[in-house]
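Enquirer: After the sequence you'll find the predicted model.
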Amino acid sequence: MFLLRSALVSVLVMCLAPVVVSATPPACAQRTVSVEGQRIATWLCLPRGRTPRTPVQLLVHGATYDHHYWDDYARAAVERGFATLAVDRLGYGLSDHPDPTTLTLAAHGRVLHQLVKGLREGKFGPRFRSVVLNGHSLGALASRYAATHGGGDAMILSGVPVPTGTPRSARGGDFPFWPAEQDPKFAGRNWPPGYLTTRPGARAGLFLHAGDYDPEVAAADEEGKDTVPSAELGEADGGAVPPPPPGMPVLTVLGRFDALYCPSTGDCRTDPAAAATPHVIERSGHCLNLGHGAAEFYRLTFDWL
């Protein structure tokens with residue numbers, strides 16, 4: 001374990017490092033469920049004093065991450081009285097890795113919708129009356145697809161602006177990705193071709209902002225990286241993603257220095273792509289959970305809910 005300069009950073013590193021189930025937030029249960037014939041790994045965390053009115057947040061990670069992106073958030077949410085269900089989306093983490101060319105955002109949305117239904121029907125144990133989709137980056141876009149199928153009560157969308165802006169992937173394909181089979185971490189996995197990952201050393205420049213994170217976090221992020229299906233990454237501009245359903249409460253949040261979705265100025269407080277986004281977190285890049293602004297993001301979402 002790294003020698004870290006703050007308690008917050010130590011928790012963030014724990015989020016990204018490989019952990020056993022006992023290291024996840026208290027009162028959590030890991031369960032693998034079947035959706036559309038594929039195995040999906042999930043982690044349900046329950047607060048003390050849960051009642052039938054306790055809302056649950058379905059935590060949806062973005063590209064090249066897995067459920068560990070949300071570990072620190074889940075701890076904080078449980079302390080505030082929320083239940084959470086974190087998930088490894090298809091093609092990520094401990095979930096199945098089918099043909100990545102079929103894993104579109106719409107396909108992910110169908111799977112997430114089935115998880116929402118399962119939460120309401122008690123398939124994870126308790127029945128939940130209120131389900132909130134909480135997605136980051138491409139996970140936020142997949143959550144918007146899920147919302148079109150119904151069942152969700154509200155959405156938190158982070159790492160994407162309103163309206164959806166155009167990240168660098170759609171502006172010339174200059175994302176530093178390469179085939180997962182060429183990366184030492186994923187060599188020999190026997191997955192179908194079409195899974196990608198970030199090139200070594202590229203993540204801090206993409207997902208973090210200089211001065212707003214600890215170097216130990218960047219190192220742990222690099223070590224804990226995952227892959228992304230090619231079909232999903234091809235939809236990163238979000239142009240065809242349906243908007244949130246009319247009447248659904250939506251909280252949209254960006255890190256101030258999100259280089260992916262605020263490419264014109266590099267500052268989401270001034271970039272035209274983020275002009276309609278109501279909430280911008282200081283001291284954050286694209287991945288809000290990994291920067292010094294994480295606690296501000298958590299407070300914002302809990303107060304909003």
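Expert: Here it is on my side, so go on.
Enquirer: and the residue nearest to the spatial centre of the chain, what pLDDT?
Expert: Ranked by distance to the mean C-alpha position of the chain (Cα atoms, centre = their mean), the top residue is His61 at 2.0 Å. Looking at His61, its pLDDT stands at 98.
Enquirer: quick one: contacts for it?
Expert: His61 makes contact with 67, 69-70, 86-89, 92, 136, 139 under the criterion Cβ atoms under 8 Å, 6 or more residues apart in numbering. Yep, even glycine has a C-beta here, placed from its N, CA and C like the rest.
Enquirer: Identify the farthest-apart pair in those.
Expert: Using Cβ to Cβ, the two most remote members of the contacts of His61 are Asp88 and His136, lying 13.8 Å apart.
Enquirer: Looking at these two, which is more packed in?
Expert: Remark: of Asp88 and His136, His136 carries more neighbours, 27 against 22, as counted by other Cβ atoms under 10 Å.
Enquirer: Show the backbone phi and psi for that one.
Expert: Per-residue torsions, His136: phi -110, psi 130 (degrees, to the nearest 10).
Enquirer: I am assuming it contacts Val60, so please confirm or correct that.
Expert: Yes - the criterion here is Cβ atoms under 8 Å, and His136 meets it with Val60 at 6.9 Å.
Enquirer: and the gap between the residue lying closest to Lys225 once chain neighbours are set aside and Asp221?
Expert: Distance criterion Cβ to Cβ, 6 or more residues apart in numbering; nearest residue to Lys225, sequence neighbours excluded, is Thr64 at 5.3 Å. Per Cβ to Cβ, to the nearest Å, Thr64 is found 9 Å from Asp221.
Enquirer: All the helices of the stretch 201-305 of the chain, in order from the start?
Expert: Under the criterion DSSP state H, counting those that start in this stretch, the stretch 201-305 of the chain contains helices at 203-207, 215-223, 230-233, 294-304.
Enquirer: Throw those into CSV and include distance to Cys287, thanks.
Expert: Putting the helices of the stretch 201-305 of the chain into CSV (distance: least, Cβ to Cβ, whole Å) gives the following:
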stretch, distance to Cys287
helix 203-207, 4
helix 215-223, 8
helix 230-233, 16
helix 294-304, 9
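Enquirer: Can you tell me which of those is nearest to Gly37?
Expert: It's helix 230-233; of the helices of the stretch 201-305 of the chain, that one is closest to Gly37 (Cβ to Cβ) at 17.9 Å.
Enquirer: if we can go back for a sec, ok, which of the helices of the stretch 201-305 of the chain comes nearest Lys117?
Expert: Among the helices of the stretch 201-305 of the chain, helix 230-233 sits nearest to Lys117 (Cβ to Cβ), with 22.1 Å.
Enquirer: who's in contact with the closest one?
Expert: 63, 91, 100-105, 107-108, 138, 142, 169, 175, 177, 194-196.
Enquirer: Tell me which entries of those lie within helices.
Expert: Judged by DSSP state H, the contacts of helix 230-233 include 105, 107-108, 138, 142 as members of helices.
Enquirer: Cross-check the contact I'm expecting between the residue nearest to Lys225 and Gly224.
Expert: No - the criterion here is Cβ under 8 Å, and Thr64 misses it with Gly224 at 9.7 Å.
Enquirer: would you say Ala146 is within a strand?
Expert: No - applying DSSP: H, G, I helix; E, B strand; the rest coil, one finds Ala146 to be helix, outside a strand.
Enquirer: Would you check that it makes contact with Ala140?
Expert: No - between Ala146 and Ala140 there is no contact under Cβ under 8 Å: 10.4 Å.
Enquirer: Give the residues shared as contacts by the two.
Expert: Joint contacts of Ala146 and Ala140 (Cβ under 8 Å, 6+ apart) do not exist.
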